Structure formats: C-alpha cells, structure tokens
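S.K.: Kindly return the folded structure for what I paste below:
(chains A and B)
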Amino acid sequence: MTLQEAQNGKEYIVKQSLLKQPQKRRLEAMGLIEGTMIRKINQAIDGSVILMVRGTRLALGKDLAEDIIIRDITPSDLRNRRIRRGIGLRNGHTRAGGMGRAKGMKDGQGKGHGMGRAIGPRDGQGKGSSIGKKRGN
Amino acid sequence: MSGVSSSGDVFNRFNTKEAEELQVGFIGNPNSGKTTLFNAYTGAQLKVANWPGVTVEKKEGAFKYHNHIYKLVDLPGIYSLTSYTIEEKVSRQYILSDEVDVIVDVADASNLERNLYLTLQLIEMGKPVVLALNMMDIVEERGMEIDLHRLPEILGIPVIPVSARRKTGLDILMHTVSHHKGVASNPHVVVYSDLIEDKIIKIEERLREYDPNIRNPRFYAIKLLEKDPDIMENTPIDVSDIVDRSYETDIINQKYDIIEEIVEEVLVNKQETTKFTDRVDGILTHRIFGIPIFLGIMGLVFLLTFTLGDGIKGIFEGWLESFSEGAADALLAINVGEILTSLIVDGIIAGVGTVLTFLPNIAILFLALAFLEDSGYMARVAYVMNGIMNKIGLSGKAFIPMLLGFGCTVPAIMATRTLENARDRRKTILITPFMSCSAKIPIYVLLSSMFFGEYKSLAALSMYIIGLVTGLITAYVVTKIENKADESKETSEEAEINHLLIELPEYKTPNTYSIAIYVWENVKEYITKAGTTIFLASVVLWFLLRFGTSGYVEDMSQSFGAATGRFLAPILRPAGLGFWQIGVSLIAGLAAKEVVASSLGILFGITNLDSAAGLTAMSESLAALGFGTLNAYSMMIFVLFYTPCVAAIAVIAKELKSVKWTVFVFVFQIAFALLASTLFYQIGSLFI
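M.R.: As a prediction, the model looks like this:
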C-alpha cells in the first residue's frame, strides 16, 4: 500500500520508494530508506501526509506520499533488525570503536589518510589530549 | 587558555602573545540551533554577507576569547553533503576549502539519529571536526541520557554538550576548537560492507597513482562510488570498471545502519517524540479545522494590531503633541526664522512624528509574528495550506514567505530561497508584495479612522483579505499561462510539480529572549527608518512643497510638488485619486510606504495627524477637496497593490538576478494598483 492508504497513528516499514530524484535522495538523507520504520501521524484533505521518520516529523505533499510504498510490520522484521544490527556491530563497533582509542587510531591514520599529510602524527596526539582532558574535567 | 594547558598547546609554539586567528565553520541540520549558538558567541557583532556568485547566505562573526580570535561562519542548514541543492554545494565547497580551520558540527541532541548522518559525512571528509551536541537541556527535560564518553570513542572526535539557549558549554566548546586545529578526523569510523570497502580500496589506489599527495582519498573514493556529479567532473581518472553502478543508496543505508547502532549504544531512554507536540498538532493540523484555525489566528493577529495598538497609540500621540508644541515655542524663543521653524515643525516633526506614533501597532504585529515563528507553527502553515497552494501551482512552502510578507517584504523575498525551483520563486516573489507589510499599517489606520468610523478595524482588515486573495488568484493565472506555454512548446520544460517536503519541528514554548530580540530588531528598524528614509523624505517633500518657480511659497499649490502632483492627476482621476496632494504622497511613498501617511500630514499642515483633532482636521480638508469614503478605500487599494518601496525592489532585483523581470514586477505592481483602484472606484460610483 502507499503511504496515503496507511492508517493514522500506525507504524509501518518502508518497502519501496518510487520517487524520482532529487526528492528521493533528499528523503534518503533524512533517513527514509527501504526498511525504515515510520509512523503515519496525519493526513490532510488534499492528501498531504505527516509522518514520523527517525524521530523527525515530516510533512509530505500528496505526490510524494503516493510514491512511497509501505507494508505492515511483521515479527520477522523485528528479528531481522536485531540480526542486521548484529552484523553492523562487528563492522561499526569493533573497528570504529577501536579507532577512537589511541592505539587503534594511530594504525588507522597510517593506513588511511595519513599519506602525504605533514601533520599526520600530530593528529593522534591532539585527539588523544582533547578527549583525555574532557575526561579529566 | 593556551597558557594554561601544556599538552594541547601544539600551535602556540612560537610563544607569541599575539592573538591567533581561527576560522570556525558552523554546520548542521536545519533547525539544530546553529544560529542561536552563533549569536550566543558573536553577540552584537553578527553581520550578513554574501558569497560571490551564490544565492545562499552565510553569516560571519568574530569574537576574541583568551588568546584567540575566532572567526565564526554560520552556514545554511543542510541534511547531507551531497551536491543537489545550492546550500549543500556551498557548504561542501566551504568545508573542502582550506579556509576553515575547525568545523563545528552543531547537532540537535534531542534528534540524534538524523543529525548523526551529517556528522558521519563530515568525519569522512577527514577535516578537523568537533561535534557540538546542542539542546542538551531538552534531552534532559525528556528524561533521555546520552553517553558522552562512549560517543566520542565511537566517532573519534570530541563531543561537547552545549545548550545555545541556556548558554551552557560555550567556553568548553571553543576551548576544544582551539585545540583541534589541524587534527583531522578519522574517515575510517564508517566502515561499509566488504563489497564497498573493496571498491573503495581499489579507487583509492588509482587516486594515489594519479596524485601521490592526495589528501583523504577515501572521501573521494566514496563520492565516486556515489556517482557524485561534482566530484566525477573534477576527478580526471576513469573508474567506470570499478563503479559499475551508483552505490549511493547502499552507502546511505549502511551509514544509517551504523547510526542505529550508535544510537542504540549511547542513547538511554530513547523517546521518539513529546506527547505535547502530538496533542497540539492534533488541533492545529486537523484535516478539517486546520485551515479555519490558521485563518482565525491571522485574523486575530491583525485585529490585535489595530485595536490593541490603537489603545497604546494614544499615549504616543500625547507625547508627540506636547513635543511639537514645545519645539515650536522653543524655536520661536531662540529667534529661529519662520521658514526654518516650518521645516522643523511642519516638515520633520509632522512627517517623522506621524510615523512614530504607529510604533505600538508595529510592535504588536511583530510580537505576534515572532510567536508564530518561534513556536514551530510556521512549518505547519505550509502543510495546512498545501492543498490550496497546490491548486494555484505552488507548494505549501511558498506560503511561508507570503506570511513573512505581512511583516516586511524584504526578508520575505529573501525567504523564497527555500523554494526549490526558479519558477516557484518567481511566482512567489511576484505575489509576496501583495501581502500588506507593516509599513502600510499607518495608511490603513489613518484612512479607515477618518472615513469608516466604528468599522475602521474591519476596513483595515479587509485589505489583508483582498491582498491575500488577489495574490492567490495572480499565482493561479500565472501558472495557467505557464502551462499553456509549456504545451505549445515541443519539448516542454519538465512540468515540475511542486512537492511539499518540510520538517515539522517540535513545538516549544517561545523563548522570551529571542522574541524580545525579534521584536526589538524590527522596532529598531522602524525607528531607524523614521530617522533616515522618512526624515529625508520629509525634508525633501517640505522643500518641494514650499518652493515654486517664485521661490518660497506660502501656498503649497504653487509649489514644484504640486506641479508634479497635478501632472499625475489625470492618470489617477479614474481611480478617484485625481488630486495633486494624493499624487505627491503616492510618489513619495515609493521611498517607504510610511511616507504616504507622513506626507499627508505635511501636505495638509497637520502636525499631529494621528490624534483625534488631527484626524478631524484632515478629513475636513479632504472632504473640502471632494475626497470621500469611496476615494479613501480606493486609495487603500492602490497602496495595497503598488510597489512596496525602493528596498523591496532592490531585493527583488537581487533575488531574480534579472533586470527584465525586475522591471516587469515593478510595472506590473503599478499597473495592477491603478487597474484595481480604478475598477473599484468606477463600480463603486455606480452605487453611491
């Protein structure tokens, strides 16, 4: 069903976006992508819709609301979400989290963008110090 | 601060006592409180500047703190660093330039999930980034908690909680900024799927082959994978074998996956929304009552402007009267010549004073507009009005500039920048001046008090309704003409439908301080205008009306001004405005609309025009000319439609960037005013 056919106050999953660019990209930047959970809040007489996406209320005109295909939430969605998060955790956390610490960061700098940057090594120091200081305070 | 710390003292290495300059760019989502923060730092030093060749404005300000001069640049709010809108392009170019030393990413902490999307993109750019978590007070109010130790660990950049509204955390933020110059963020914080990471590595290699000194090839690699048009154009290497399709959606998806994890990890007691906003929206954006409520609010705003304002105005009139008399006596006592006394009392005090007595009305109007803008209702108006606006070929968003136009046309025209396509902007610029600006209030009040007795508020209110309805009809007609033109063309310009896409912020109790500033800025502007434009116009007008071919004239009808007015009279006669005095005041009104009112005072030699006695004298003088109720209403209609003022034309020219269109708008406004008032007067004459 489209976002227009959805019920007010109910949560759905975005199944597909039939929007054209640049509207599609703009909504994607605001976090409305396939698989995103949304909540429809209201609909005006003319067909404009208010919905909640990732904690933001968005008002969409009729033409946009018609092109967003949604579906009901199933128990497997919730399970999949958790699984997907699990995969992400490996990617995001261990590596990203590790980067934040002094040692991991230095490695990262060396491999990553440190090339050709004169102030490369100082990067690590500066960062370490500012975080450290914040904790100290 | 640089003297105290030793570890972070990396750039004060020459031990000079000279203040170091730091260029700090404020970037963030729209409505994340960037400008509030910017104002908190810069105070009165804020100035507005243009970038060459761009339509979007950035603001610059500077302040000194400890041993640093901070040059702050406030960039327009954006959701992402792609290059699809002008704002995004401008912001990205600025960040990629070497101008900026440290980027402060201002994020709305109460809406972490969406705000972090821009943060991740900024980190990927590999520049020094500090995350300012704004609106921490709201986070606390809602009982949420953000793990401020874990978040910087994950992101690899300093995270400083601030509240721009309560001015907390400001020192710590700038302290961090001063220590963060040259400290690049780590673009590896965001790690994509193996498929994308492999491609990134391959592209990076190719980028390095081409330019061994390339900085942060990862950023360019990601942008190439997204098929970003700007970067593709400026990167002379061929990666089409690696980038077999646009990976943009994948990249956005995976960024949001990571954000979900981060939020899960750092945000305790996540609350999606406040019930308060839901409850208020249930009424204000109601599918049936939404529009009536909005019209009711606006009606109330203008009614208050006229009735409540009139009450307070009495006090001002008293002051003006005693001041004027006192000034005349004082000038006489020190033997100032009669002509000079006339200039000061009949010219300046009559002109400027009349305008100043309307301050209460102006202040009330702007107070009401401030409430609308500060509460979060403005965006709702775009939603509520979208249906009607779509019918006339505009997006509901175009109603925001129109609404601002009730205050002042100049900022309203500038606000049309938020509209996506050029056609929408042109149409909105064409009709926004039909929304009666605050400068027209004195004319409406004067004429309606003189001729409409107890119905004066209604007469004044009707101008707003006529202006609004005419504006909507005009846009409708223009859209129809455009559509016709499109049909006749073989390859029709893609008929862009105007999509509404706007974020509705949470309602908040309007902030007393920011409302006070808003009202004061506008009141100050009004007073300044009275002291400059209107002062000057009054002096010029006095000269034109007191001098004729035979030198100084007692009888104004012999003056140069009268001659000019008489020249115009035949054109204005069908509209019931064929009096030289009216012609003079309407021309003078091109400088600023208030001058129409003030010039009437000068023309009829009434110092305190707005007082009861002044009004009676004035209406008697007008009646003697044969200027009656019908003429008065016709004049109100003319004033409603004709060119707002020189400043408005200047800003229209700037925004349209076309002499042709600007001349068109100008001619259109005058022709329309003449046509409408003539039509009204001629039809009206049949009945009265």
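S.K.: Specify the beta-bridge partners of residue B:24.
M.R.: Beta-bridge pairing of residue B:24 under DSSP bridges involves residue B:72, residue B:102.
S.K.: Contacts only, for it.
M.R.: Residue B:24 sits next to B:70-73, B:100-104, B:177 when contact means Cβ atoms under 8 Å, 6 or more residues apart in numbering or on different chains. Where you see a C-beta, it was placed from the backbone N, CA and C, and this is true even at glycine.
S.K.: closest to residue B:365 among those?
M.R.: Of all the contacts of residue B:24, residue B:365 sits closest to residue B:72, with 31.7 Å by Cβ to Cβ.
S.K.: For residue B:99, see how far away that closest one is.
M.R.: As for residue B:72, its distance to residue B:99 is 13 Å (criterion: Cβ to Cβ, to the nearest Å).
S.K.: can I see the domain layout of the chain?
M.R.: Reading this off chain A. Listed by automatic domain parsing, the domain ranges of chain A are A:3-71, A:74-110.
S.K.: wrong one, chain B
M.R.: B:20-188, B:190-268, B:292-486+B:502-687.
S.K.: To residue A:37, which of these lies closest?
M.R.: Per Cβ to Cβ, nearest to residue A:37 of the domains of chain B: domain B:190-268, 10.3 Å.
S.K.: now the end-to-end length of the closest one.
M.R.: 22 Å (Cα to Cα, to the nearest Å).
S.K.: Stretch B:570-589 too?
M.R.: OK, stretch B:570-589 end separation, Cα to Cα: 19 Å.
S.K.: what comes up buried for it?
M.R.: B:572, B:574-589 (16 or more other Cβ atoms under 10 Å in any protein chain shown).
S.K.: same check, this time on stretch A:19-30
M.R.: Residues A:19, A:23-30 are the ones in stretch A:19-30 that count as buried (16+ other Cβ under 10 Å).
S.K.: go on, stretch B:199-210?
M.R.: B:199-200, B:203-204, B:206-207.
S.K.: quick one: it near chain A?
M.R.: Yes: contact of stretch B:199-210 with chain A (Cβ under 8 Å from any Cβ of the partner chain) involves residue B:208.
S.K.: Tell me how far that stretch lies from the chain's centre.
M.R.: The chain centroid and the centroid of stretch B:199-210 are separated by 45 Å under Cα atoms, centre = their mean, to the nearest Å.
S.K.: How about stretch B:566-579?
M.R.: With Cα atoms, centre = their mean, you get 36 Å for stretch B:566-579.
S.K.: from memory residue B:372 sits against residue B:404, does it?
M.R.: No: assessed by Cβ atoms under 8 Å, residue B:372 is found out of contact with residue B:404, at 9.6 Å.
S.K.: more crowded one of the two?
M.R.: Neighbours per residue, other Cβ atoms under 10 Å in any protein chain shown: of residue B:372 and residue B:404, the larger number sits with residue B:404, 24 against 21.
S.K.: For the more buried one, which non-adjacent residue is closest in space?
M.R.: residue B:412 (3.9 Å; Cβ to Cβ, 6 or more residues apart in numbering or on different chains).
S.K.: And for residue B:143?
M.R.: Excluding the flanking residues, the one nearest residue B:143 by Cβ to Cβ, 6+ apart is residue B:269, at 5.5 Å.
S.K.: Next up, the contacts around the one you found.
M.R.: Per Cβ under 8 Å, 6+ apart, neighbours of residue B:269: B:142-145.
S.K.: sec struct for the closest residue to chain B within chain A, please.
M.R.: For chain A and chain B, the shortest gap (Cβ to the nearest Cβ) falls at residue A:46, measuring 2.8 Å. What DSSP: H, G, I helix; E, B strand; the rest coil gives for residue A:46 is coil.
S.K.: in chain B, what residue is nearest chain A?
M.R.: For chain B, Cβ to the nearest Cβ, closest residue to chain A: residue B:387, 2.8 Å.
S.K.: circling back to that earlier point, what subset of the contacts of residue B:24 is buried?
M.R.: Buried, going by 16+ other Cβ under 10 Å: B:70-73, B:100-104, B:177, out of the contacts of residue B:24.
S.K.: okay if I get these as TSV plus pLDDT?
M.R.: Shown next, in TSV, are those (pLDDT from 0 to 100):
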residue	pLDDT
B:70	88
B:71	89
B:72	89
B:73	89
B:100	88
B:101	90
B:102	92
B:103	93
B:104	94
B:177	90
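S.K.: Which stretches in the stretch 151-300 of chain B count as helices?
M.R.: Under the criterion DSSP state H, counting those that start in this stretch, the stretch 151-300 of chain B contains helices at B:170-178, B:194-210, B:217-225, B:229-234, B:248-266, B:275-284, B:290-333.
S.K.: what do you get for chain A?
M.R.: Shown for chain A, the helices assigned by DSSP state H span residues A:23-29, A:62-66, A:75-88, A:98-100, A:102-111, A:120-136.
S.K.: Could you give the average pLDDT over the last one?
M.R.: What that stands for is helix A:120-136. The average of the pLDDT scores along helix A:120-136 is 35.
S.K.: residue ranges with poor pLDDT in the chain?
M.R.: This is for chain A. A:79-137 (pLDDT under 70).
S.K.: nope, chain B
M.R.: For chain B, the ranges with pLDDT under 70 are B:1-18, B:44-57, B:83-86, B:270-274, B:489-498, B:607-608.
S.K.: Provide the secondary structure category for the residue most central in space within it.
M.R.: By Cα atoms, centre = their mean, chain B has its centre lying nearest to residue B:411, at 3.9 Å. Recorded secondary structure, residue B:411: helix (three-state DSSP).
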